[in-house]
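Novice: heads up, no residue letters with this:
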């Protein structure tokens, strides 16, 4: 458990650090993929491309920067565990944002709706939360 907390703190510190001007364009996606994998991820890993596509889509819908989106997904995944005692990943939160974020609606409102849907779902699963949000 101690190693997980250290990894979480390091990941949050990395997300909080401003992106350097010479950093690769997929840097937030690469950091998020590495966080979830628990180790560095090769540049051509398909997880990076999937995460990058979702970050781009959410950024366009919300106007938030990709670093901000990634950090919010990490924080909210931890919050989901705190309130439901079910494992959630930042990629699950990012998927929910990519599917349900709307222009003019704060990103945090969409994340709050996801957490509520997941908390109220019988199995408290990601699939149930997405289905509940899709049925609105």
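Specialist: Everything's here; your move. Note that the structure is predicted; figures quoted are calculated from it, not measured.

Novice: where are the low-confidence patches of the protein?
Specialist: For the chain, applying pLDDT under 70 flags the ranges 1-25, 136.

Novice: regarding it, what is its longest helix?
Specialist: Identified as the longest helix of the chain according to DSSP state H is helix 66-84.

Novice: helix or strand next in line after it, which one?
Specialist: helix 90-100 (DSSP states H and E).

Novice: check which helices and strands that following helix sits against.
Specialist: Applying 3 or more CB pairs under 8 Å, 6 or more residues apart in numbering; DSSP states H and E, we find helix 90-100 packed against helix 27-37, helix 46-62, helix 66-84, helix 107-120, helix 126-134. Every C-beta, even on glycine, is put in place using the N, C-alpha and C of the backbone.

Novice: distance from the chain centre to the shortest one, please.
Specialist: It stands for helix 126-134. Centroid separation for helix 126-134 versus its chain: 16 Å, with CA atoms, centre = their mean, to the nearest Å.

Novice: with the fourth one instead?
Specialist: Taking CA atoms, centre = their mean, one finds the center of helix 107-120 at 13 Å from the center of the full chain.

Novice: so which bits of that helix are buried?
Specialist: Neighbour counts over helix 107-120 (16 or more other CB atoms under 10 Å) mark 107, 110, 111, 113, 114, 115, 117, 118 as buried.

Novice: and which of those residues is nearest residue 74?
Specialist: Checking the buried residues of helix 107-120 against residue 74 by CB to CB gives residue 111 as the nearest, at 11.4 Å.

Novice: cool, thanks, signing off.
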